[in-house]
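Colleague: Predicted structure and sequence below. I'll ask about it afterward.
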Amino acid sequence: AELDNARTGRSCSLDSPPTHLDVTQKIDVNPPKGTRDFPPEEMRLRNWLFQNFREVSQLFGFEEVDFPVLESEALFIRKAGEEIRDQLYCFEDRGNRRVALRPELTPSLARLVIQKGKSVSLPIKWFAIGQCWRYERMTRGRRREHYQWNMDIIGVPNVTAEAELISSIITFFKRIGITSSDVGFKVSSRKVLQEVLRRYSIPESLFGRVCVIIDKLEKIPIDDIKKELKSVELSEDAVEELLQILSVKSLTKLEEKLGSSVEALADLKQLFLLAEKYGYSDWIQFDASIVRGLAYYTGIVFEGFDREGKLRAICGGGRYDRLLSTFGGDDIPACGFGFGDAVIVELLKERGLMPELSPQVQNIVCSLDQDLQSEASSVAARLREKGQSVDLVLESKPLKWVFKRAARINAQRLIIVGSTEWQKGMVSVKILSSGEQYEIKIDELE
Ligand SMILES: Nc1ccc(Br)nc1
């Protein structure tokens, strides 16, 4: 009912919102279906992951940006039959506007680039880490939100941009202990598809839709793929040729099939040459079946995969030279990738690479009797002024309780404010790792 209300813009709240005294209705303490809470332990892992995303992005000279989670629905309405469209988390707001929770970040980035126009100089190198949404029937019990790391290079037409993006992802993998024996990148170019469609005089307008269908290879039966391709007027021959080409796994074979003048080949050869120079050749392989499921890719496409074949794609991206112009912007070349926060964690667990992240606090401060509580607060304030983190025990507790809490929050030092020591202008300090204990003048504490 609430969702209907939200969709129609009617009030979302209850008639008379419960006051703090009403306990007539017990609320569901779980988050909405398909969404997650981030209690401290999960939040530490998320922060660790995002910190690595950020540090790699900055290592490559990218600037961080973000956009509203809520966007105009129009940003994502593409007529190519994409899954991302079918699962759009969209509704009508109270102003009768059609809006959507963003399913991806690239359209928002394109919108901002156009909005900025000439005020930003090219090339633009931006990265973002943002929550993205899909409304999937819970039949499949899958998540409805995830966080995606994106890096995009706008304004560079040649594949040096794609080579740089792949290098940044590999840098990230190496930082967290993933090697080229764990993960590889399948690389191809949509210009391969484009060339085949051209040879069969398939209209350009069908390109996006054909790519979306091809992306379902290995996800749905081959006969359904063929049926869908024929439904967009591909002839039997065109379908057969297409599927033939998509099974090619070497550039030499591709050259035999398409000839050496095809632009796709030049791009791919240059990319593999650059990979050699970056030193990441053992991470990438040509695979013509890679097309990715977003309609707007126009050139090189790539996806990171787990070599054991147990997990879904870890990340993916490619060139999207037409997206800005389809939004009414200038004809500016662009490429980028998206990297979700879910599969990578599954991979880390698989490989035993999950980081040990415990809470960290330098000091726990307590007073031994109630009359010294304010003195304990002044000791905490003094330490914090010196940049020391302090967990201040806020009510009178037995020392046994304090020690237990100190262990739980992984405190390094216990500072005890006791009356005898306080009379002498001192406090007791206990180094919890070694057990070493001593008294120190308050104004020497740091
Ligand atoms: N696009 C998208 C959004 C949210 C999730 Br979970 N997966 C994919």
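Modeller: Okay, I see it. What you see is a predicted model; the values in this text were computed from it and never measured.
Colleague: Assumed Gly328 was part of a helix.
Modeller: No - going by DSSP: H, G, I helix; E, B strand; the rest coil, the assignment for Gly328 is coil, not a helix.
Colleague: So what's the residue count around it?
Modeller: Per other CB atoms under 10 Å, the neighbour tally for Gly328 reads 8. The C-beta positions use only the backbone N, C-alpha and C, and glycine is treated the same way.
Colleague: cool, Ser57 as well?
Modeller: Per other CB under 10 Å, the neighbour tally for Ser57 reads 23.
Colleague: Assign it to helix, strand or coil.
Modeller: When classified by three-state DSSP, Ser57 comes out as helix.
Colleague: For it, which non-adjacent residue is spatially closest?
Modeller: Once flanking residues are discounted, Ser57 sits nearest to Phe127: 3.9 Å by CB to CB, 6 or more residues apart in numbering.
Colleague: what does the helix or strand where the one you found lies rub up against?
Modeller: Counting by DSSP states H and E, the element that carries Phe127 is strand 124-133. Outside strand 124-133, the residues that touch it by CB atoms under 8 Å, 6 or more residues apart in numbering are 50, 53-54, 57, 60-67, 69, 89, 101-105, 109, 113, 144-155.
Colleague: cutoff 7 Å now
Modeller: 50, 53, 57, 61-67, 69, 89, 101-105, 109, 113, 144-155 (CB atoms under 7 Å, 6 or more residues apart in numbering).
Colleague: Using ChimeraX, define a selection of the buried residues within the residues you listed.
Modeller: Of those, the buried ones go into a single ChimeraX selection, burial set by 16 or more other CB atoms under 10 Å:
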select :53,57,62,65,67,89,101,102,103,104,105,109,113,144,145,146,147,148,149,150,151,152,153,154,155
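Colleague: Does the ligand have contacts with the strand holding Phe127?
Modeller: Yes - residues of strand 124-133 contacting the ligand under CB under 6 Å from any ligand atom: Cys132, Trp133.
Colleague: How about stretch 70-88?
Modeller: Yes - residues of stretch 70-88 are located near the ligand by CB under 6 Å from any ligand atom, namely Ile84.
Colleague: And stretch 292-309, by the same measure?
Modeller: No - Stretch 292-309 stays clear of the ligand (CB under 6 Å from any ligand atom), getting no nearer than 9.6 Å.
Colleague: pull the CA atoms of that stretch into PDB?
Modeller: In PDB, the C-alpha atoms belonging to stretch 292-309 read as follows (Å, rounded to 0.1, in the frame of the first residue of the first chain):
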ATOM      1  CA  ARG A 292      28.400  -6.800 -22.400                       C
ATOM      2  CA  GLY A 293      24.700  -6.100 -21.800                       C
ATOM      3  CA  LEU A 294      24.400  -2.400 -22.000                       C
ATOM      4  CA  ALA A 295      23.200  -1.100 -25.300                       C
ATOM      5  CA  TYR A 296      25.400   2.000 -25.500                       C
ATOM      6  CA  TYR A 297      28.800   0.400 -25.900                       C
ATOM      7  CA  THR A 298      30.300   1.100 -29.300                       C
ATOM      8  CA  GLY A 299      33.800  -0.300 -29.300                       C
ATOM      9  CA  ILE A 300      36.200  -2.200 -27.000                       C
ATOM     10  CA  VAL A 301      34.300  -4.100 -24.200                       C
ATOM     11  CA  PHE A 302      35.900  -6.100 -21.400                       C
ATOM     12  CA  GLU A 303      34.900  -8.000 -18.300                       C
ATOM     13  CA  GLY A 304      36.800  -9.300 -15.400                       C
ATOM     14  CA  PHE A 305      36.100 -13.000 -14.700                       C
ATOM     15  CA  ASP A 306      37.000 -15.500 -12.100                       C
ATOM     16  CA  ARG A 307      39.200 -18.200 -13.700                       C
ATOM     17  CA  GLU A 308      37.600 -21.000 -11.700                       C
ATOM     18  CA  GLY A 309      34.300 -20.100 -13.400                       C
END
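Colleague: what's in contact with it?
Modeller: Residues contacting stretch 292-309 (CB under 7 Å, 6+ apart): 78, 80, 82-84, 159, 162, 166, 169, 181-191, 208, 211-212, 215, 267, 271, 290-291, 313-323, 347.
Colleague: Which of these fall within helices?
Modeller: 83-84, 162, 166, 169, 190-191, 208, 211-212, 267, 271, 323, 347 (DSSP state H).
Colleague: Which ChimeraX command selects the buried ones in these?
Modeller: Written as a ChimeraX command, the selection of buried residues from the ones in helices among the contacts of stretch 292-309, which uses 16+ other CB under 10 Å, is:
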select :83,84,162,166,169,190,191,208,211,212,267,271,323,347
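Colleague: and the residue lying closest to Met426 once chain neighbours are set aside, what pLDDT?
Modeller: Take Met426 and drop its neighbours on the chain: the residue closest to it by CB to CB, 6+ apart is Glu439, 4.7 Å away. pLDDT, Glu439: 97.
Colleague: Quick check: Glu439 is in a strand.
Modeller: Yes - counting by three-state DSSP, Glu439 is located in a strand.
Colleague: isn't Leu414 right up against Leu432?
Modeller: Yes - counting by CB atoms under 7 Å, Leu414 does reach Leu432; the two are 5.9 Å apart.
Colleague: before we move on, what SS does Leu206 have?
Modeller: Strictly by three-state DSSP, Leu206 counts as helix.
Colleague: What of Ile153?
Modeller: strand.
Colleague: What distance do you get for the residue nearest to it when sequence neighbours are not counted to Gln270?
Modeller: Spatial nearest neighbour of Ile153, chain neighbours left out: Ala161 (4.2 Å); criterion: CB to CB, 6+ apart. Distance of Ala161 to Gln270, given as CB to CB, to the nearest Å: 11 Å.
Colleague: Those two: which has the busier surroundings?
Modeller: Using other CB under 10 Å as the criterion, Ala161 and Gln270 rank with Ala161 on top: 23 against 16.
Colleague: Give me the number of neighbouring residues for the residue nearest to Ser57.
Modeller: 23.
Colleague: so Tyr280 sits right up against Ile170, yeah?
Modeller: Yes - at 5.0 Å, Tyr280 and Ile170 qualify as touching, with contact defined as CB under 7 Å.
Colleague: More neighbours: which of those two?
Modeller: Using other CB under 10 Å as the criterion, Tyr280 and Ile170 rank with Ile170 on top: 23 against 20.
Colleague: OK, contacts around the more buried one?
Modeller: Counting by CB under 7 Å, 6+ apart, Ile170 has contacts Tyr280, Trp283.
Colleague: Would you mind naming what in the stretch 101-250 of the chain lies close to the ligand?
Modeller: Pro103, Glu104, Cys132, Trp133, Arg134, Arg143, Arg144, Glu145, His146.
Colleague: Pick out whichever of these sits closest to Leu45.
Modeller: Using CB to CB, His146 comes nearest to Leu45 of these, at 13.9 Å.
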